[in-house]
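Student: Provided below for reference: sequence and predicted model.
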Amino acid sequence: RKDTPNSKYPSENNCPRNPNWLAKIYLQFWNQVIVLNDYQKRRFANRIIGSLFNTVTGKKIAILGFAFKKDTGDTRESSSIYVCKYLMDEGAHLVVFDPKVGKQQIIDDLKHPSISENPSRVDKLVSVTDDPYLATEGAHAFAVCTEWDLFRTLDYQRIYDGMLKPA
């Protein structure tokens, strides 16, 4: 989503060699990319909810990765923000781990008015840890939301053993 508006920019400003009809098609295409990306975030959250018997109210879900992409602390337009929003809207308790994004940045992103109508709800539903094993301990589920290389080397048997069952 972050790069898509930049892709639309030339078509909106009388791009050379682009007839007007082609510019409109180009713009419609990129608008649909945004719609599809938004749908995928909602779909991902709904799959988590569905796998937990269609309710996450009061359940602990670990979010592994909050950054927009690996090897960065950049959270602008991160899909994780929206996945967390949808899960909080359903009453899930989230424990977030990201190796580069700080606690205050995560909390600020989730308290943003476009994400949460009630910022105090974030304080009740979200905690941040600096250990992926602590994040998943006692969790009903976990979601890997950023493809950090660290996540390839985690001991997933240890994670599974520490989770609530069925996991």
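Tutor: Received, thanks. None of these values were measured; they are calculated from a predicted model.
Student: Next, give phi and psi for G162.
Tutor: The phi and psi values for G162, taken as degrees, to the nearest 10, are phi -90, psi -10.
Student: From K165, how far off is the closest residue to it other than its chain neighbours?
Tutor: Nearest non-adjacent residue to G162, counting by C-beta to C-beta, 6 or more residues apart in numbering: E137, 4.6 Å away. From N, CA and C alone the C-beta is placed, and that goes for glycine too. Counting by C-beta to C-beta, to the nearest Å, the gap from E137 to K165 is 13 Å.
Student: Give me the more crowded residue out of those two.
Tutor: E137 (18 against 7; other C-beta atoms under 10 Å).
Student: which residues touch the residue sitting nearest the centre point of the chain?
Tutor: Closest to where the C-alpha atoms of the chain average out (C-alpha atoms, centre = their mean) is S80, at 1.2 Å. The contact partners of S80, by C-beta atoms under 8 Å, 6 or more residues apart in numbering, come to I63, G65, F66, A67, V96, C145, T146.
Student: correct me, but R158 touches D131?
Tutor: No - contact between R158 and D131 fails when scored by C-beta atoms under 8 Å: they sit 11.8 Å apart.
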